[in-house]
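S.K.: Build me a model:
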Amino acid sequence: MDFLGIGVLELLVILLIAVVVLGPAGTVKGARSIGRMLGEVRRSMTDLSKAVEAEERELENSINRPEPVDRRGPEEPGPPR
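M.R.: Numbering: from 1, shown residues only. Just a heads-up that it's a prediction; the model follows:
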């Protein structure tokens, strides 16, 4: 298993150091904080991705939609556009 370039043994060493330095309660609290932060980052990335896709669709629609052409001559009256 390889998680972010960290193998299982390296991950266990990091967890052991965290438990020794922070204590069991601090390790759990830190893991919760990291989990919340990662959840917020994931939600933000999803929102950003949706916003970019919406702008992309809007841009494609505006490019593909032809401009309206005024076919009246200069002397023909009509409502202004």
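
S.K.: Now the residue most central in space within the chain: which helix or strand?
M.R.: With distances taken as CA atoms, centre = their mean, residue 45 lies nearest the centre of the chain, 1.7 Å away. Taking DSSP states H and E as the definition, residue 45 sits inside helix 8-64.

S.K.: circling back: please report how far the residue nearest to the centre of the chain lies from residue 39.
M.R.: Taking CB to CB, to the nearest Å as the measure, residue 45 falls 11 Å from residue 39. Yep, even glycine has a C-beta here, placed from its N, CA and C like the rest.

S.K.: do residue 52 as well
M.R.: According to CB to CB, residue 52 stands 21 Å off from residue 39.

S.K.: ok, now residue 6?
M.R.: Counting by CB to CB, the gap from residue 6 to residue 39 is 20 Å.

S.K.: just for this protein, where's the confidence low?
M.R.: Applying pLDDT under 70 to the chain flags residues 1-4, 73-81.

S.K.: tell me the SS of residue 69?
M.R.: Classification of residue 69 by DSSP: H, G, I helix; E, B strand; the rest coil places it in coil.

S.K.: Counting neighbours, what do you get for it?
M.R.: 6 (other CB atoms under 10 Å).

S.K.: Likewise for residue 44?
M.R.: Count around residue 44 with other CB under 10 Å applied: 10.

S.K.: who touches residue 6 in this structure?
M.R.: Contact analysis of residue 6 by CB atoms under 8 Å, 6 or more residues apart in numbering lists residue 14.

S.K.: Thanks a lot, catch you later.
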